[in-house]
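Trainee: sequence and predicted structure are below.
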Amino acid sequence: MSVAILHQGEYVIASIQSDLSDREVVALRDDLTRRVGDHRARGLIVDVAAMDVIDSFVARALRSIAETALMRGAETVIVGIQPDVAIAMVQFRLNLEPLRAALDLDDAVRILDRLVKRGSPDAR
């Protein structure tokens, strides 16, 4: 599987390097779910810039990753959706909720910082 995964503070960042097979998508989902728990991550960023296609299976897997991460205490932001891919996703009405989208990694970190701060007990 060609996915680089690293930990940056409270966040897990997964950068998908190429299109993935269905089996690799399922393995990624399971790996990210485990890492969110193991590292007590508060946020998960999934970079899909290298993906030429996000079909309904991949969209469901991304949504499942976000839902599972949320159940484990982490918000999820997807970054790098290519313009053609975004247009196709809209045309096919693919639903990624509760995923949030950002243009790049910097925007994703700002979104997560805001969400994590708002959700912390000290923010009240």
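Mentor: Done, it's in.

Trainee: show me the contact partners of the worst-scoring helix or strand of the chain on mean pLDDT.
Mentor: In the chain, the helix or strand scored least confidently by mean pLDDT, DSSP states H and E is helix 83-91, which has a mean of 88. Residues external to helix 83-91 that are found in contact with it (Cβ atoms under 8 Å, 6 or more residues apart in numbering): 48, 51-54, 59, 81, 96. Where you see a C-beta, it was placed from the backbone N, CA and C, and this is true even at glycine.

Trainee: including neighbour count, could those residues go into a markdown table?
Mentor: Below are the contacts of helix 83-91 laid out as a markdown table (neighbours: other Cβ atoms under 10 Å):
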| residue | neighbour count |
| --- | --- |
| Val48 | 21 |
| Met51 | 18 |
| Asp52 | 10 |
| Val53 | 11 |
| Ile54 | 22 |
| Ala59 | 16 |
| Ile81 | 19 |
| Leu96 | 17 |
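
Trainee: want to throw the residues you listed into CSV with pLDDT?
Mentor: Converted to CSV, those look like this (pLDDT from 0 to 100):
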residue, pLDDT
Val48, 95
Met51, 91
Asp52, 87
Val53, 85
Ile54, 88
Ala59, 89
Ile81, 93
Leu96, 75
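
Trainee: taking these, tell me the two that lie furthest apart.
Mentor: Farthest-apart pair in these is Asp52 and Leu96; separation 17.3 Å (Cβ to Cβ).

Trainee: quick one: the residue positioned nearest the centre of the chain from Ala108, how far?
Mentor: Most central in the chain under Cα atoms, centre = their mean is Val46, positioned 3.4 Å from the mean C-alpha point. Distance, Val46 to Ala108, by Cβ to Cβ, to the nearest Å: 9 Å.

Trainee: between the two, which contacts overlap?
Mentor: Both Val46 and Ala108 are contacted by 77, 79, under the criterion Cβ under 8 Å, 6+ apart.

Trainee: ranges for the helices of the protein?
Mentor: With DSSP state H, the ranges of helices along the chain come out as 22-38, 56-71, 83-91, 105-119.
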